[in-house]
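Trainee: Return a 3D structure for these sequence lines:
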Amino acid sequence: MLNKAILIGRLVRDPEINYTQGTGVAVTKFTLAVDRNFKNQNGQREADFIPIVCWRKLAENVANNLGKGRLVAISGRIQTRTYQAQDGSRRYVTEIVADEVQFLDYKKDNAADGFAPVSGDEEVPF
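Mentor: Here you go, the predicted model:
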């Protein structure tokens, strides 16, 4: 079986990092805006907003180095799950569990030109 998703887009907001109870494993969630390849009837481009989940060291790297508006490439798998909401209704979630995140632009810094590359000292899974 094959379950592979590859996306390029921009973060809608800053990533949110949390840690699992008990084991303390890092998990980061964010939403990626991915432009469609065509324009709508009004001549405007639309985007899809895809939820992304990262685990462990990748989660920490994403949370520490990415922010709203950053351009990234994501490689991972599509995952679906269900849960029971507080009102008793059943909710369905489809998300991408990222195996790789490639930073495609530079993070803003106080450098003279306004941008600085992500440090090469960090373990970023490229």
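Trainee: residue ranges of the helices in this structure, please?
Mentor: 56-65 (DSSP state H).
Trainee: where does it have low pLDDT?
Mentor: 107-126 (pLDDT under 70).
Trainee: what sits against A63?
Mentor: Contacts for A63 (Cβ atoms under 8 Å, 6 or more residues apart in numbering) come out as 15-17, 26, 28. (Glycine included, C-beta is placed from N, CA and C.)
Trainee: do P51 as well
Mentor: Residues counted as contacts of P51 (Cβ under 8 Å, 6+ apart) are 29-32, 93-96.
Trainee: In strands, which of those residues fall?
Mentor: Applying DSSP state E to those, the entries found in strands are 29-32, 93-96.
Trainee: What is the neighbour count of V12?
Mentor: Using other Cβ atoms under 10 Å, V12 has 15 other residues around it.
Trainee: what number of residues lie near the nearest residue to it once chain neighbours are set aside?
Mentor: Nearest residue to V12 in three dimensions, chain neighbours excluded: T31, at 4.2 Å (Cβ to Cβ, 6 or more residues apart in numbering). The number of residues packed near T31 is 15, by other Cβ under 10 Å.
Trainee: doesn't A47 make contact with T31?
Mentor: No. Checked against Cβ atoms under 8 Å, the pair T31 and A47 is beyond contact range at 10.5 Å.
Trainee: Can you name the residues bridging to the residue nearest to V12?
Mentor: P51 (DSSP bridges).
Trainee: What distance do you get for it to I74?
Mentor: 11 Å (Cβ to Cβ, to the nearest Å).
Trainee: Overlap in contacts, these two.
Mentor: Residues touching both T31 and I74 (Cβ under 8 Å, 6+ apart): I52.
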